[in-house]
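Asker: no letters, just coordinates:
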Ligand SMILES: CC(C)(COP(=O)(O)OP(=O)(O)OC[C@H]1O[C@@H](n2cnc3c(N)ncnc32)[C@H](O)[C@@H]1OP(=O)(O)O)[C@@H](O)C(=O)NCCC(=O)NCCS
């Protein structure tokens, strides 16, 4: 995987690149309100980190294989770096790599549905995928009280080097 993109913000250059450090990706997500998750059936396909020039991780995202679905997970941006397109760039890097791997559809349990809808995802209201992606959310004390996640999906079209086989999902 090549380095995805570079860019400049008010706090200097933030570089997005693939990372193998899933512990750090998860830690950033948890620090930004995401749940650790109790599912043990997820397999990492690829992850990306957004880092400042001094190497501090200020954003992250992961593509995981879960129950045969390719799931966008662990998307988080440090509050000081929000609103300047970092998550958009992280998602673009993930989508490029997913297309390269021949992935035809992405899924997510969106805690920020507006972000995903603005990025070409559509809500999934019913069916086994929505039930799987939402899991135990409706029983969670936070559900509907500051956290109303939606199952969302996006079809990926073509892309150079794409193959027809949907690889990577566990
Ligand atoms: C959601 C999150 C990753 C967005 O990061 P970000 O770098 O600020 O996002 P971007 O700057 O790329 O935002 C792109 C667009 O999405 C919108 N957006 C961002 N967060 C949003 C949210 N929670 N709800 C609705 N829209 C949102 C922005 O307004 C922006 O739209 P604009 O270009 O029209 O102004 C960040 O707010 C975050 O880490 N939140 C806490 C963790 C979380 O909820 N992660 C999502 C898990 S599904």
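Answerer: Arrived safely. These numbers come from a predicted model, not from an experiment.
Asker: tell me the phi and psi of residue 93?
Answerer: Note on residue 93: backbone dihedrals following degrees, to the nearest 10 are phi -60, psi -40.
Asker: what do you get for residue 97?
Answerer: According to degrees, to the nearest 10, residue 97 has phi -70, psi -40.
Asker: what sits against the nearest residue to it once chain neighbours are set aside?
Answerer: Setting aside the residues directly before and after it, residue 97 is nearest to residue 46 in space (CB to CB, 6 or more residues apart in numbering), at 5.4 Å. Any C-beta I mention is one placed from the backbone N, CA and C, and that applies to glycine too. By CB atoms under 8 Å, 6 or more residues apart in numbering, residue 46 lies in contact with 1, 18, 62, 63, 94, 97.
Asker: who does residue 46 bridge with?
Answerer: On the basis of DSSP bridges, residue 46 is bridged to residue 63.
Asker: is the ligand contacted by stretch 19-33?
Answerer: Yes. Using CB under 6 Å from any ligand atom, stretch 19-33 reaches the ligand at 32, 33.
Asker: verify the stated contact: residue 134 with residue 152.
Answerer: No. The pair residue 134 / residue 152 is not scored as a contact, 10.9 Å apart, by CB atoms under 8 Å.
Asker: who's more crowded, the two?
Answerer: residue 152 (23 against 16; other CB atoms under 10 Å).
Asker: quick check, the more buried one in contact with residue 122.
Answerer: Yes. Between residue 152 and residue 122 a contact is recorded at 6.5 Å, counting by CB under 8 Å.
Asker: would you map the strands across the chain?
Answerer: Applying DSSP state E to the chain gives strands spanning 5-9, 12-18, 42-52, 57-66, 69-77, 105-110, 122-123, 150-155.
Asker: what's the angle between the fourth one and strand 69-77?
Answerer: Between the axes of strand 57-66 and strand 69-77, defined by axes from the mean of the first three to the mean of the last three CA atoms, to 10 degrees, the angle is 170 degrees.
Asker: so what secondary structure elements neighbour strand 57-66?
Answerer: Where contact means 3 or more CB pairs under 8 Å, 6 or more residues apart in numbering; DSSP states H and E, strand 57-66 is packed against strand 12-18, helix 22-31, strand 42-52, strand 69-77, helix 86-100.
Asker: average model confidence for that strand?
Answerer: Mean per-residue pLDDT for strand 57-66: 96.
Asker: model confidence for the residue nearest to residue 97, exactly?
Answerer: With respect to pLDDT, residue 46 has a value of 96.
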